[in-house]
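Novice: starting from these lines, generate the structure:
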Amino acid sequence: MTERTLTEILEIEDDHERRIELLILRLPEKARPAVRWMRKPQARWARIPAGILLICGGFLSILPVLGLWMLPLGIVLLSEDVAFLRRLTDRALAWVERRKPHWLGLEAVKAS
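Specialist: Predicted coordinates:
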């Protein structure tokens, strides 16, 4: 998948997909292709164990290397396959978009 620009992402009709793409855009460049690949339907076999491991790593954030950032990434990966988590993720991302748009990199868009 080619790299999308912010303007292309903002034109996405599906709210869930747009918000997830905005989050992916905030990741380091080297991590973006891996996360996009993990979101593809054929990567389910890798996505579910990776999501569970990321969530476990998030709970162990007191250790070096592991961090709290792993928890939401694991939940977002699992939300592709678990309807309950998808609804929670959608609600959380809608709240973030309304209340904390700078978390999604929207501060420049809101100012203009």
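
Novice: and for Ile24, the neighbour number?
Specialist: 18 (other Cβ atoms under 10 Å). Glycine gets a C-beta too; all of them are placed from N, C-alpha and C.

Novice: dump the residue contacts of it.
Specialist: Taking Cβ atoms under 8 Å, 6 or more residues apart in numbering as the criterion, Ile24 is in contact with 32, 35-36.

Novice: contacts only, for Ile9.
Specialist: Going by Cβ under 8 Å, 6+ apart, Ile9 touches 18, 21-22, 25.

Novice: likewise for Gly105?
Specialist: Shown here is Gly105, whose contacts under the criterion Cβ under 8 Å, 6+ apart are 6, 22, 25-26.

Novice: lowest-pLDDT helix or strand in the protein?
Specialist: helix 107-111 (a mean of 60; mean pLDDT, DSSP states H and E).

Novice: ok, Gly51 to Phe84 distance?
Specialist: Relative to Phe84, Gly51 is positioned 13 Å away (criterion: Cβ to Cβ, to the nearest Å).

Novice: surely Trp37 and Ala43 touch.
Specialist: Yes. Counting by Cβ atoms under 8 Å, Trp37 sits close enough to Ala43 to count as a contact (5.8 Å).

Novice: now do the buried residues in whichever helix or strand Ala94 is part of.
Specialist: Using DSSP states H and E, the element containing Ala94 is helix 83-99. Within helix 83-99, the residues that qualify as buried by neighbour count (16 or more other Cβ atoms under 10 Å) are 85-86, 89, 93, 96-97.
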